[in-house]
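Enquirer: give me the fold of what follows.
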Amino acid sequence: MNKNQCDRFLRWVYNEINKGKIQIRFKKMGKLDGEFDYDGLVMYIDPRCDILKTLLHEFYHIRNPHTGEDIVEKKEKLIANFLSERQYRTLIKRLAKAL
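Expert: Residues are numbered from 1 along each chain as shown. Below is the predicted model:
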């Protein structure tokens, strides 16, 4: 995944958050940092974890539902490393509006 692919993915995440179809909720979860309920369209994020990385991770699962956990974890880290400070701020603002 290169910088352009990461940017496209991030724009897709922004759009999905803005649509408001996916609810984002915080929930203490034990061993998991996050999970997505495909039936209810609810993303649960444990507030004790790295919220932004978990958000990216869960959205990657949504966009690529048949991708294994090990690959998703690598992509999540790669995307997080490509993000600029401005992109992180924008992601935080969009997340705050979705809550």
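Enquirer: show me where the chain has its helices.
Expert: 3-19, 51-63, 69-82, 85-98 (DSSP state H).
Enquirer: most tightly surrounded among the ones you listed?
Expert: Neighbour counts averaged per stretch over the helices of the chain are highest for helix 51-63, at a mean of 20; criterion: mean count of other Cβ atoms under 10 Å. Placement of C-beta: from N, CA and C, glycine included.
Enquirer: state the distance from residue 68 to residue 53.
Expert: As judged by Cβ to Cβ, to the nearest Å, residue 68 and residue 53 stand 18 Å apart.
Enquirer: can you report phi and psi for the residue of the chain positioned farthest from its centre?
Expert: Ranking residues of the chain by C-alpha distance from their mean position (Cα atoms, centre = their mean) puts residue 30 at the top, at 18.8 Å. Here is the backbone geometry of residue 30 (degrees, to the nearest 10): phi 80, psi -110.
Enquirer: can you redo the helices of the chain as a markdown table with mean pLDDT and distance to residue 25?
Expert: Listed next are these as a markdown table, based on pLDDT from 0 to 100; distance: least, Cβ to Cβ, whole Å:
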| stretch | mean pLDDT | distance to residue 25 |
| --- | --- | --- |
| helix 3-19 | 93 | 13 |
| helix 51-63 | 94 | 11 |
| helix 69-82 | 93 | 19 |
| helix 85-98 | 92 | 10 |
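Enquirer: distance to residue 34 added to those helices, as TSV?
Expert: Converted to TSV, those look like this (distance: least, Cβ to Cβ, whole Å):
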stretch	distance to residue 34
helix 3-19	14
helix 51-63	4
helix 69-82	10
helix 85-98	13
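Enquirer: of all those, which one is nearest residue 40?
Expert: helix 51-63 (13.0 Å; Cβ to Cβ).
Enquirer: could you list the residues in contact with that closest one?
Expert: 9, 12-13, 16, 22, 24, 33-36, 43, 45-46, 67, 72-73, 75-77, 79-80, 88, 91-92, 95 (Cβ atoms under 8 Å, 6 or more residues apart in numbering).
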